[in-house]
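> Requesting a structural model of the entry that follows:
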Amino acid sequence: MTATPMKLLPKGKGESLLIVDDEMHLRVLLSEMLELHGYQVACASDGTEALTLYKQSMDRQRPFDLVILDLMMPRMGWRECLERLLEMNPYIKFILSTGLVESEMDDRGVPAHAGRVLRKPFLFRELVEKVSLLLAEA
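Numbering: from 1, shown residues only. A predicted model of the protein is given here:
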């Protein structure tokens, strides 16, 4: 019996990602794993910090290629953070990360972004494939 080859994960080409999540261990783990897959990663612990980092990237004429934004954060909700990011860059690519169940997501108005939602806990493979797919979009 021969083993079926595992599908290789897509590799990044130095694209820059911003991870916004209040869970430090998750930020560290994701950033290390994504860097090993060829991405440049910065992290923010909340929406306020994310806006500062994104503005700095815009000022350097090198905005982040994609933002991974947790839905449940202190200080600033995901909706306000995303709206302000979209004001800075209406073409921003993003993934919403959540541990919420479907009914809780409905209450927060998330389904409009359903194609960009990644439910926790997720496999690293799912994240890398979604990142790669969104970065490939025109």
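> In this structure, where is pLDDT below threshold?
Scanning the chain for pLDDT under 70 picks out the ranges 1-7, 100-115, 138.
> any idea where the helices of it begin and end?
24-36, 47-59, 78-88, 102-107, 124-136 (DSSP state H).
> Mind putting these into TSV with distance to residue 13 and mean neighbour count?
C-beta coordinates here come from the backbone N, C-alpha and C atoms, glycine included. Output for these, formatted as TSV (distance: least, C-beta to C-beta, whole Å; neighbours: other C-beta atoms under 10 Å):
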stretch	distance to residue 13	mean neighbour count
helix 24-36	13	14
helix 47-59	17	17
helix 78-88	23	16
helix 102-107	32	11
helix 124-136	9	15
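> Can you add distance to residue 65 and give those helices back as JSON lines?
Listed next are those as JSON lines, based on distance: least, C-beta to C-beta, whole Å:
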{"stretch": "helix 24-36", "distance to residue 65": "12"}
{"stretch": "helix 47-59", "distance to residue 65": "10"}
{"stretch": "helix 78-88", "distance to residue 65": "13"}
{"stretch": "helix 102-107", "distance to residue 65": "25"}
{"stretch": "helix 124-136", "distance to residue 65": "6"}
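> check contacts around the residue nearest the centre of the chain.
When C-alpha atoms, centre = their mean is applied to the chain, the residue found nearest the centroid is residue 68 (1.3 Å). Applying C-beta atoms under 8 Å, 6 or more residues apart in numbering to residue 68 gives the contacts 17-21, 30, 94-95, 97, 118, 127, 131.
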